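# Build the 3D model from these lines:
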Amino acid sequence: MIRLSVNINKFATLRNSRGGNNPDVVKAAIDAQRFGADGVTVHPRPDERHIRYQDVFDIKKIIKTEFNIEGNCEEQKFIDLVLAAKPDQVTLVPDALNQITSNHGWDTIRYSEYLRNIIPVFKKVGIRVSIFVDPVIAMVEAAAGTGTDRIELYTEEYARKYHENKEEAVWPYLKAATRAKELGLGINAGHDLDLNNLNYFASQIPWIDEVSIGHALISDALYLGYENAVQLYKRQLQ
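Reported below is the predicted structural model:
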């Protein structure tokens, strides 16, 4: 079954809006595991506007499932954090400074040399590397030449088009995932996947290793409860 990693950034956003430690981000990580998530994802940014760097170390102490840290590897502060925390996986995202949310994958052709140099920095200490990629065959093929272990397909375009024509929406992802599989790459996916569109995506590309979901799952948890939301998302992957 495809694994579910819960991105808990939104807990940190809510906490930071009032100060103090409510909600407790570490407890959010503990509970995600307790409720059945296969992993926990965090995406610290340089301004620490949601996940703080200290949160990463605090979560590392209690994590029993997979720990995935996403971020911009062009920031030395991020590189140092990941090497110190040693998560199971690092997902390299080409975010600009102060970007609200991730909105595109790597141009793996233009940045191939950079990626070939930075990926071994993490792999040599035993951290699995995934890189954010758009569902474009050329980008997937170039990603395979960087030495990355996995790609993460950026799924906003799928989510946006899903209600118009789900077959057409998933087609580029199916082609990209098929090529990635042929090239021996592991495959993750994430961004705007939710209870409406997740099951179809997973059913069309069942060899995906992992989906990372935060905003939609936490939004659903406000109405459905955190444990129930995690379980409902898990069911969509079966």
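# Nearest residue to the middle of the protein?
Taking CA atoms, centre = their mean as the criterion, Ser212 is the residue nearest the geometric centre of the chain, at 4.3 Å.
# Where does the nearest residue to Ile213 once chain neighbours are set aside sit: helix, strand or coil?
What sits nearest to Ile213 in space, not counting adjacent residues and going by CB to CB, 6 or more residues apart in numbering, is Leu193, at 5.4 Å. Placement of C-beta: from N, CA and C, glycine included. Classification of Leu193 by DSSP: H, G, I helix; E, B strand; the rest coil places it in coil.
# pretty sure Val90 belongs to a helix, no?
No - using three-state DSSP, the secondary structure at Val90 is strand, not a helix.
# So it versus Asn9, what's the distance?
As judged by CB to CB, to the nearest Å, Val90 and Asn9 stand 16 Å apart.
# Kindly report the same for Lys181.
Going from Lys181 to Asn9 by CB to CB gives 29 Å.
# Looking only at neighbour counts, state which of those two leads.
Comparing Lys181 with Asn9 by other CB atoms under 10 Å, the one with more neighbours is Asn9, at 23 against 15.
# For Ala176, which non-adjacent residue is spatially closest?
Excluding its sequence neighbours, the residue lying closest to Ala176 (CB to CB, 6+ apart) is Pro135, at 4.0 Å.
# isn't that neighbour right up against Ala180?
No - Pro135 sits out of contact with Ala180 when judged by CB atoms under 8 Å, with a separation of 9.7 Å.
# ok, Pro206 touching Ile2?
Yes - here Pro206 reaches Ile2: they are 7.1 Å apart, a contact under CB under 8 Å.
# so how far is stretch 177-189 from its chain's centroid?
Remark: stretch 177-189 is offset 16 Å from the chain centroid, using CA atoms, centre = their mean, to the nearest Å.
# nope, stretch 199-216 is what I was after
Centroid displacement of stretch 199-216 relative to its chain, using CA atoms, centre = their mean, is 11 Å.
# Just the buried positions in the longest helix seen in the chain, please.
For the chain, the helix with the greatest residue count under DSSP state H is helix 166-182. For helix 166-182, a neighbour-count test (16 or more other CB atoms under 10 Å) marks Lys166, Ala169, Val170, Pro172, Tyr173, Ala176, Ala177, Arg179, Ala180 as buried.
# Is it correct that the last one is in contact with Glu152?
No - between Ala180 and Glu152 no contact is recorded; they are 10.5 Å apart, counting by CB under 8 Å.
# where do the contact lists of these two overlap?
Among the neighbours of Ala180, those also in contact with Glu152 (CB atoms under 8 Å, 6 or more residues apart in numbering) are Ile187.
# coming back round to it: grab the nearest non-local neighbour of the residue nearest to the centre of the chain.
Nearest residue to Ser212 in three dimensions, chain neighbours excluded: Gly190, at 3.8 Å (CB to CB, 6+ apart).
# what's in contact with the helix or strand hosting Asn117?
For Asn117, the host element (DSSP states H and E) is helix 112-123. For helix 112-123, contacts defined as CB under 8 Å, 6+ apart pick out 73, 79, 82-83, 90, 92, 106, 108, 129, 131, 142-143, 145-149.
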